[in-house]
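K.L.:
test case, fold it:
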Amino acid sequence: MLRQFLSKLPRKSGKSDSPELARSNSCTTPGSQTHRSNSLNSGSARPCATKRTSSAVFPASVVAVIEPLLPFKDVPNSEKMNLFVSKVSLCCVTFDFTNPTKNSIEKDVKRQTLLELLDFVASGSVRFSEPAILAMCRMCAVNLFRVFPPNYQSTVSNGGENDDDEPMFDPAWPHLQIVYDLLLKFITSSCLDAKVAKKYIDHSFILRLLDLSDSEDPRERECLKTILHRVYGKFMVHRPFIRKALSNIFYRFVFETERHNGIAELLEIFGSIISGFALPLKEEHKIFLWRVLIPLHKPKTLGVYFQQLSYCVTQFIDKEPKLSSTVIRGLLKYWPITNSQKEVMFLGELEEILDAINMVEFQKIMVPLFWRIGCCINSFHFQVAERALFFWNNDQIVNLITHNGHVILPIILPTLEKNAQNHWNQAVLNLTLNVRKMFMEMDDGLFMSCHTHFKEEEANLSILAEKRKEAWERLENAASLQPITGNTAVLVTPLATSIAC
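P.N.:
Sure, this is the predicted structure:
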């Protein structure tokens with residue numbers, strides 16, 4: 001079996017092929033090689049198995065016949081790139097990792113070769129040639145790019161936020177991790193010329209990397225996050241494309257599927273991208289905030305990636321404070337009226353924004369904002385009411401409220417009075433009384449005026465309710481005097497339906 005494994009090596013050919021020709025003449029194209037790493041083994045009897053990692057994949061004119069198991073220290077510098085390509089081609093053979101006992105010798109040889117390649121790339125001793133870059137990209141494509149099976153747990157669970165769901169771990173991870181580490185070292189190596197590498201680490205390669213971010217294995221998503229960030233940093237020519245590709249993933253998640261395992265990691269990447277935006281912000285970036293980041297508050301799985309999303313939004317506001325009112329309008333648009341956990345998260349994000357907002361932007365949105373905060377104060381879910389009342393523990397927010405008390409107090413006072421009269425939770429009741437006292441100390445005259453107006457409104461509402469009750473009683477009495485004929489509806493009085501205990 002080992003001999004068969006070693007036979008899958010590039011052979012020297014008399015004809016020279018360009019990388020582009022080699023790419024098109026291979027037995028299986030990069031797209032057809034992107035199946036799961038555990039779906040093949042070295043004993044496969046496919047007729048094109050040898051060609052898949054032979055000179056059809058690698059430029060035959062530059063691959064010397066070098067024993068791939070030789071250590072790098074035993075060959076001169078002039079031959080190290082040829083040995084590198086030979087070792088990389090050896091690692092293009094994939095195995096079935098669901099069966100640990102199958103092809104164990106070949107797996108160990110491949111693992112040792114990958115570790116040796118990792119040490120060589122990390123040493124940065126030789127500048128990578130174009131054939132070596134092509135070979136490396138092909139090897140990573142063969143080993144990493146694959147189609148994931150349907151996620152049954154995410155399909156049947158409600159929102160995918162169930163803490164009892166165990167993450168799925170890929171059995172091939174000990175092998176995949178070395179390939180990811182090798183790719184990371186390769187991309188960040190000072191011996192890699194970005195101008196040459198961009199031809200092979202192209203849009204197609206980047207899209208396949210982004211597709212892998214949907215992996216159920218959190219370890220793989222973490223490695224991809226680092227690699228994608230380094231690709232964004234090294235290949236400036238690809239930056240607009242990467243931002244667009246990330247936006248498309250977010251669009252599909254928000255407006256179509258609401259299912260993706262890597263949203264948190266992708267947002268983390270974008271958070272670091274936002275921090276590097278130049279000022280003033282381009283219109284493209286503002287559109288991303290409004291069309292992507294704000295709608296990302298809508299899915300029911302918000303809790304999975306809320307921390308990263310909040311960080312991205314805060315980064316935008318730090319860059320351009322004028323966007324704070326736009327963000328708050330977006331939050332009010334997507335406010336989760338029937339989801340108490342999400343309401344608590346929204347209130348936390350609101351406090352962060354209000355902590356950095358200026359007076360001009362605050363005055364633009366204070367009326368609808370405090371109308372919503374008032375609704376939260378009256379919430380029967382004590383965590384929502386408590387979180388809303390905690391706003392008055394923030395000195396910056398209290399300062400904003402003090403300067404605009406003539407607008408805010410008439411909105412908030414009725415909710416405070418209702419809480420003080422009949423809220424069931426003692427902690428919420430105590431907080432309500434404290435906030436009420438703070439308003440009284442801010443401006444006693446304004447408070448008494450608003451309180452008087454509130455009492456008058458209450459009296460008017462009570463009179464209207466009494467009139468409504470009397471009107472219904474008159475209708476009921478009039479209906480009870482009508483004779484019952486045919487299919488006429490019968491009015492059943494409460495007394496008639498009461499049951500004596």
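
K.L.:
which strands or helices does the host helix or strand of Ala388 pack on?
P.N.:
Remark: Ala388 resides in helix 382-389, with elements defined by DSSP states H and E. Under the contact definition 3 or more C-beta pairs under 8 Å, 6 or more residues apart in numbering; DSSP states H and E, helix 382-389 sits against helix 340-354, helix 359-377, helix 426-442. Every C-beta, even on glycine, is put in place using the N, C-alpha and C of the backbone.

K.L.:
please pull up the helix or strand immediately following that helix.
P.N.:
Towards the C-terminus, the helix or strand next in line after helix 382-389, according to DSSP H and E, is helix 395-403.

K.L.:
what's in contact with the helix or strand following that following helix?
P.N.:
Downstream of helix 395-403, the next assigned helix or strand under DSSP H and E is helix 405-422. Contacts of helix 405-422 with the rest of the structure, by C-beta atoms under 8 Å, 6 or more residues apart in numbering, involve 366-367, 370-371, 373-375, 377-378, 385, 401, 428-429, 432-433, 435-436, 439, 442-443, 446-447, 450-451, 453-454, 457.

K.L.:
ok, 6 Å please
P.N.:
Outside of helix 405-422, the residues that reach it under the criterion C-beta atoms under 6 Å, 6 or more residues apart in numbering are 370-371, 374, 377-378, 401, 432, 436, 439, 442-443, 450, 454.

K.L.:
tabulate those (JSON lines), appending pLDDT and neighbour count.
P.N.:
Written out in JSON lines, the entries for the contacts of helix 405-422 read as follows (pLDDT from 0 to 100; neighbours: other C-beta atoms under 10 Å):
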{"residue": "Phe370", "pLDDT": "96", "neighbour count": "21"}
{"residue": "Trp371", "pLDDT": "96", "neighbour count": "14"}
{"residue": "Gly374", "pLDDT": "95", "neighbour count": "19"}
{"residue": "Ile377", "pLDDT": "95", "neighbour count": "25"}
{"residue": "Asn378", "pLDDT": "94", "neighbour count": "18"}
{"residue": "Ile401", "pLDDT": "94", "neighbour count": "24"}
{"residue": "Thr432", "pLDDT": "95", "neighbour count": "24"}
{"residue": "Arg436", "pLDDT": "93", "neighbour count": "18"}
{"residue": "Phe439", "pLDDT": "92", "neighbour count": "22"}
{"residue": "Met442", "pLDDT": "90", "neighbour count": "14"}
{"residue": "Asp443", "pLDDT": "89", "neighbour count": "15"}
{"residue": "Cys450", "pLDDT": "89", "neighbour count": "21"}
{"residue": "Phe454", "pLDDT": "88", "neighbour count": "16"}
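
K.L.:
burial count for Ser89?
P.N.:
Counted with other C-beta atoms under 10 Å, the neighbours of Ser89 add up to 22.

K.L.:
Thr94: what secondary structure?
P.N.:
Classification of Thr94 by DSSP: H, G, I helix; E, B strand; the rest coil places it in coil.

K.L.:
same thing with Pro171?
P.N.:
Three-state secondary structure (criterion: three-state DSSP) places Pro171 in coil.

K.L.:
I figured it hits Thr98, correct?
P.N.:
Yes - using C-beta atoms under 6 Å, Pro171 is in contact with Thr98, at 5.4 Å.

K.L.:
neighbour count: these two, which is higher?
P.N.:
More neighbours surround Pro171 than the other of Pro171 and Thr98, with 15 against 12 (other C-beta under 10 Å).

K.L.:
next, that one: phi, psi?
P.N.:
Torsion angles at Pro171 (phi, psi; degrees, to the nearest 10) stand at phi -60, psi -20.

K.L.:
which ones are touching it?
P.N.:
Pro171 touches Phe97, Thr98, counting by C-beta under 6 Å, 6+ apart.

K.L.:
quick check: it vs Phe95, distance?
P.N.:
Pro171 sits 11 Å away from Phe95, going by C-beta to C-beta, to the nearest Å.

K.L.:
same deal with Pro414?
P.N.:
As for Pro414, its distance to Phe95 is 70 Å (criterion: C-beta to C-beta).

K.L.:
between the two, tell me which one has more neighbours.
P.N.:
Each of Pro414 and Phe95 had its neighbours counted (other C-beta under 10 Å), and the higher figure belongs to Phe95 (22 against 17).

K.L.:
spit out the contact partners of Ser480.
P.N.:
When contacts are counted by C-beta under 6 Å, 6+ apart, Ser480 touches no other residue.

K.L.:
what comes up buried for the helix or strand hosting it?
P.N.:
According to DSSP H and E, Ser480 maps onto helix 444-481. By 16 or more other C-beta atoms under 10 Å, the buried positions in helix 444-481 come out as Leu446, Phe447, Cys450, His451, Phe454.

K.L.:
same question, stretch 322-341
P.N.:
When neighbours are counted by 16+ other C-beta under 10 Å, the buried residues of stretch 322-341 are found to be Leu323, Ser324, Ser325, Thr326, Val327, Ile328, Gly330, Leu331, Pro336, Asn339, Ser340.
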